[in-house]
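Engineer: coordinates for the following, if possible.
(chains A and B)
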Amino acid sequence: MRVFHLALVSILLAAGVARAQDYLSCQLAPGWTQSEAVHSYTADNLYDYKDGGAEGYLIYGFAGMKSLNCKSGDNTLTIDVSEMNDADAAYGIFATNRDPRLPIARIGMGGQVQPQSASFAKGKYYVEIVVNAADPNLIHTAELQALVDKMAHRIEGRETAPEALAWFPQEDLTSSNLVPESVLGLKQLKRGYVAKYKQGQAFIVLEDSPQSAAAVLKELRARYDGASDAKVGDEAFQAKAQYLDGICIFRKGRYLGGYANLPTAQEAATQSVKLAARIP
Amino acid sequence: MKSNTSRRDFLSAGLILPVVGAGSSLGLLNLSAQTPAGNAASAGSAASPLKLSYKTLGKTGLKVTSVGMGCMITSDPSVVTRAADLGITYFDTARGYQHGNNERMVGAALGSKRKQVVLSTKTEARDKAGALAQLDTSLSELKTDFVDIWYLHGKSSPADIHDDMIEALQLARQQGKARFVGISTHSGQAQLIPWMVQKGVFDVVLSKFNFSSDTDLEQAIDAAAKAGMGVVAMKVMAGGARSNQKLTQPGALLAALKWVTNHPSVATTIPSMTDMDQLDENVKAMAGPLTADDHKLLAAHLEQIQPLYCRLCGKCDGTCAQGLPVADVLRFLTYADGYGQFALGRERYLQMASEHVAARCGDCAECTVKCPHGVHVSKQMARAQELFA
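Structural biologist: Predicted structure coming up:
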């Protein structure tokens, strides 16, 4: 029975590898040829490739990476495909690494194409492509756009950003993302979504149950001297904090949400009412 | 020459390392923590004086807190700001972290405190022009005219460091864009660090170093410190904060940090921190010496992981009677057992020479491979053969 299971797992995983080879090919970029074997990395040897930057992958839930180098004359093209634990994590690392000054393009769940680089997330895959050209001023945007379109077409998986990001009010929104650990720099808010605004930031965290959410809220409230009740969601408090300024945190069912870094606690509470209304 | 065995015995015996190392000046200052208004509970240290320990970063003369801050995975700038408010003086980032977004966050978070701290960044560029261009971008994103230390990022061998990269470092110093220069390294330190010392152009080395490190690395670090090079330690929790080798015992993470901060050759450390509580906890590492209880915690962790934990030191190479590449096989097993990547482990295993794939440890009466770190090699090899072959 165990042998059967192992065989089944091997077949399924081999199928995954075959799919990876389908989209991880220099042939998808006309004029480029593969210059060396595909490199594979896991969490224990990603440092060999990404140095200290490896930790940025691991914290999001990193399963593995395949890296391919292509060559065209003196130019090299590196394609890194990271497999994350789930699609939210893939979107999260994309959103963290993207250039927040540029818009997100509709490539998979989201992507960006620049003159010498491109990135996108689709399903549980996060793709990064970099051109190292002899002439660093050469523009490769069109070439990279064509390549990511082909890759995104071949990669299976979700094509929409995490649902929770749409719950944030869109007015004056500058960026939003999945924070894998310590939302707002608070250990109690383990993993959640953060939206940055021209002024202040909002967050949404999903807890296991309304009870565990209530316990976290209670623990957070105890951190802030002078915290007072706020009328948001099922229960809430507002406070003034040194590093987070005007803050309001509420619970709505299993969700914790709120605003921080607003001039006053009352403003944070006012904005939180709008956010709570958008959470289903 | 110290051996790994004596190193483990040293930990087990609970001996206390000397707090003050030769060539370093270390002082303990009592500073009152700034109590974050409305955040009293998070500042557990606020009611009592916060002790910060300072060391001198080699010949740079820079005074740094023995606990610095690795900013790489910090998402909320308030944690960086609070670290500076608490008195931490060493902050580390890199051009490549979060594709440049991390430098921007750190620059904004430090704000007016920039000139009061030692700020380091790194370049992963592989040529002079690229490196200098990256430095200009770093300065712009960090909102500063200079960085205190500029590293070549992630080098493993002298062969990785070409003359034009050294020229870039020297030019950056001449132009006042970097006060001091160095190299960051995750592997190959036993060869790289002595070369750095001999070369004489590097002020600082940023190296992976912790209680589970190989003795060869410790000797290289000791030699660098003795030669006046500033030593900054990273990966100080031995992967114990977030990997599958987690330090699970209460107090073990703090003990791991204290082990490094109390090491006489290490000036400062850069543990990654993502939240206020973690920051407050790590700051406690500066409050006192490594205790007997700390030693016991670390020794227990080493005992727990050493039968399974291959450090990839390569010392088993060539010692297998059947000629098996032992370190490689153990790495493939880690893919499956440690990270759930069975397919990758099997793929790599089957890529070995056919005679190695066909070999069975059960054919030998006795295993000739003796791991200096206590890994149960034959047992692990047999498991890999059962799983993959």
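
Engineer: give me the buried positions along stretch A:90-105.
Structural biologist: Residues of stretch A:90-105 classed as buried by neighbour count (16 or more other C-beta atoms under 10 Å in any protein chain shown): A:90-98, A:104. Where you see a C-beta, it was placed from the backbone N, CA and C, and this is true even at glycine.

Engineer: in helices, which of these appear?
Structural biologist: In this view, the buried residues of stretch A:90-105 that belong to helices under DSSP state H are A:90-97.

Engineer: of those residues, which is the nearest to chain B?
Structural biologist: A:Asn97 (4.2 Å; C-beta to the nearest C-beta).

Engineer: need the contact list for that closest one.
Structural biologist: A:56, A:119, A:128, B:98-99, B:101 (C-beta atoms under 8 Å, 6 or more residues apart in numbering or on different chains).

Engineer: residue of chain B closest to chain A, please.
Structural biologist: B:Gly154 (2.8 Å).

Engineer: for the contacts of A:Asn97, which one is nearest B:Ile183?
Structural biologist: Relative to B:Ile183, the closest of those is A:Gly56; by C-beta to C-beta it sits at 20.5 Å.

Engineer: burial measure for the closest residue to B:Lys315 other than its chain neighbours, as a count.
Structural biologist: Counting by C-beta to C-beta, 6 or more residues apart in numbering or on different chains, B:Pro372 is the residue found nearest to B:Lys315 once chain neighbours are left out, at 5.5 Å. Per other C-beta atoms under 10 Å in any protein chain shown, the neighbour tally for B:Pro372 reads 14.

Engineer: any idea how far B:Pro372 lies from A:Pro100?
Structural biologist: Relative to A:Pro100, B:Pro372 is positioned 48 Å away (C-beta to C-beta, to the nearest Å).

Engineer: show me where the chain has helices.
Structural biologist: I went with chain A, as the question did not name one. Going by DSSP H, chain A shows helices at A:2-23, A:46-50, A:54-58, A:87-97, A:141-154, A:210-221, A:265-278.

Engineer: nope, chain B
Structural biologist: Using DSSP H, helices in chain B cover B:4-13, B:77-86, B:101-110, B:128-142, B:163-174, B:189-199, B:215-226, B:252-261, B:276-283, B:292-305, B:326-339, B:342-350, B:354-358, B:377-388.

Engineer: most tightly surrounded among these?
Structural biologist: Per-stretch averages of neighbours, counted by mean count of other C-beta atoms under 10 Å in any protein chain shown, single out helix B:252-261 among the helices of chain B, with a mean of 25.

Engineer: now do that one: which elements does it pack against?
Structural biologist: With contacts taken as 3 or more C-beta pairs under 8 Å, 6 or more residues apart in numbering or on different chains; DSSP states H and E, helix B:252-261 sits against strand B:268-269, helix B:276-283, helix B:292-305.

Engineer: quick check: which helices or strands does the first one pack against?
Structural biologist: Contact partners of strand B:268-269 among helices and strands, from 3+ C-beta pairs under 8 Å, 6+ apart: strand B:230-234, helix B:252-261.

Engineer: what sits up against that strand?
Structural biologist: With contacts defined as C-beta under 8 Å, 6+ apart, strand B:268-269 is touched by B:55, B:57, B:64-68, B:90, B:232-234, B:236, B:257, B:260-261.

Engineer: please name whichever of the helices of chain A is nearest to A:Arg251.
Structural biologist: The nearest among those, by C-beta to C-beta, is helix A:210-221 at 4.9 Å.

Engineer: where does chain A have low pLDDT?
Structural biologist: A:1-21 (pLDDT under 70).

Engineer: try it again at 50.
Structural biologist: Flagging of chain A using pLDDT under 50 yields the residue ranges A:1, A:6, A:8-18.

Engineer: just the closest residue of it to chain B, please.
Structural biologist: A:Asp51 (2.8 Å).

Engineer: report the contact partners of that residue.
Structural biologist: By C-beta under 8 Å, 6+ apart, the residues touching A:Asp51 are B:96, B:124, B:153-154, B:184, B:186.

Engineer: tell me the one of those nearest A:Ala146?
Structural biologist: Nearest member of those to A:Ala146, counting by C-beta to C-beta, is B:Gly96, at 26.1 Å.

Engineer: number of nearby residues for the closest one?
Structural biologist: The burial count for B:Gly96: 24, using other C-beta under 10 Å.

Engineer: how about the residue nearest the centre of chain B, nearest residue that isn't a chain neighbour?
Structural biologist: Central residue check for chain B by C-alpha atoms, centre = their mean: the C-alpha nearest the mean position is that of B:Met234, 2.2 Å away. Spatially, and ignoring its direct neighbours in sequence, B:Met234 is nearest to B:Ile270 (5.1 Å; C-beta to C-beta, 6+ apart).

Engineer: so what's the one you found up against?
Structural biologist: So B:Ile270 contacts B:68-70, B:90, B:92, B:206, B:232-234, B:236 (C-beta under 8 Å, 6+ apart).
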